[in-house]
Each structure stands twice: as C-alpha cells, then as structure tokens.
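Asker: I'll drop the sequence and a predicted model, then ask my questions.
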Amino acid sequence: MTLPAHLRYTEEHEWLQERDDVVRIGVTQHAADALGDIVYVQLPAVGDGIEAGQPCGELESTKSVSDLFAPVTGEVTAVNDAVVDDPALINSEPYDAGWLLEVRATETGAVLTAQQYAELIAE
C-alpha cells in the first residue's frame, strides 16, 4: 500500500491535506480495507463545528459501524456529496474522490507523517 507523502495522518486512520485556508479530510486505505465495503456515510453538515479527537460522523460497512474522528477543530465548510451518494468511493479512491469533508481549522490534533503512519499500521 502506497501512502501519499504530502498528506498527514492520525492514529485513528484519517488523513489531512491543507488546501488554502481549509483542511480536507478523509480516511486511509488501511481503514477502508479494514472496514470492508462501505455502504453508508454520516457526515456533519456545512456550518457545523467539530472538535479534534471527537467523533464527527460514522462509516457503516457490511462488517461494522465505525466512528469518524475529527483530526482538527473548526467549522465544516464542505461535505463530499458524491461520497454520501456513493460510499464505495471511499474504498476505491480514498485519497482522491473519496474525501469526506473540508474544515476551516482553528486547531489541529496530533498528526503523523506518511512514514510514521506506515510504521504505526505495520505494528
């Protein structure tokens, strides 16, 4: 599995990408693979506040339901409606079309580099 080096990662298996004044957030390929076929996504609404380290949504697969933890604190500025309509995008393109939300962040929680995340999931 190749991890995009330009992204940052969390121990809860989310990725972050700074885009101008917002942070784009998704889940890693590792998380998508562990969940299996994702069939439902619940995300916060645009304008909602989220807090780093706290649940801000859910991913439901054919195997289980998993919380989506906010890697940043801030206001949701965009939600990927394509993923809400077709959750399988998370499995097929977790780092591209499968992104989940964008947040105008005021604080970032603990993040890892791609190398640090690779070491974490190899344990």
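Answerer: Yep, that arrived.

Asker: how many neighbours does the closest residue to residue 72 other than its chain neighbours have?
Answerer: Nearest residue to residue 72 in three dimensions, chain neighbours excluded: residue 105, at 4.0 Å (C-beta to C-beta, 6 or more residues apart in numbering). Any C-beta I mention is one placed from the backbone N, CA and C, and that applies to glycine too. Close neighbours of residue 105, defined as other C-beta atoms under 10 Å, add up to 22.

Asker: show me what contacts the nearest residue to residue 8 once chain neighbours are set aside?
Answerer: Once flanking residues are discounted, residue 8 sits nearest to residue 111: 4.1 Å by C-beta to C-beta, 6+ apart. If a contact means C-beta atoms under 8 Å, 6 or more residues apart in numbering, then residue 111 has 8-10, 16, 71 as its contacts.

Asker: out of the residues you listed, which comes closest to residue 64?
Answerer: Using C-beta to C-beta, residue 10 comes nearest to residue 64 of those, at 19.0 Å.

Asker: so how far is residue 109 from the closest one?
Answerer: Applying C-beta to C-beta, to the nearest Å, the value for residue 10 to residue 109 is 7 Å.

Asker: more neighbours: those two, which one.
Answerer: Neighbours of residue 10 and residue 109, each counted by other C-beta under 10 Å, are more numerous for residue 10; the result is 24 against 19.

Asker: residue contacts, that one?
Answerer: By C-beta under 8 Å, 6+ apart, the contact set of residue 10 is 16, 69, 71, 109-112.

Asker: highest neighbour count among those?
Answerer: Neighbours here mean other C-beta under 10 Å. Within these, the largest count is held by residue 71, at 25 neighbours.

Asker: dump the residue contacts of that one.
Answerer: Applying C-beta under 8 Å, 6+ apart, the residues contacting residue 71 are 10, 12, 14, 16, 23, 25, 52, 108-109, 111.

Asker: and the helices in this structure?
Answerer: 29-35, 81-85, 88-92, 114-122 (DSSP state H).
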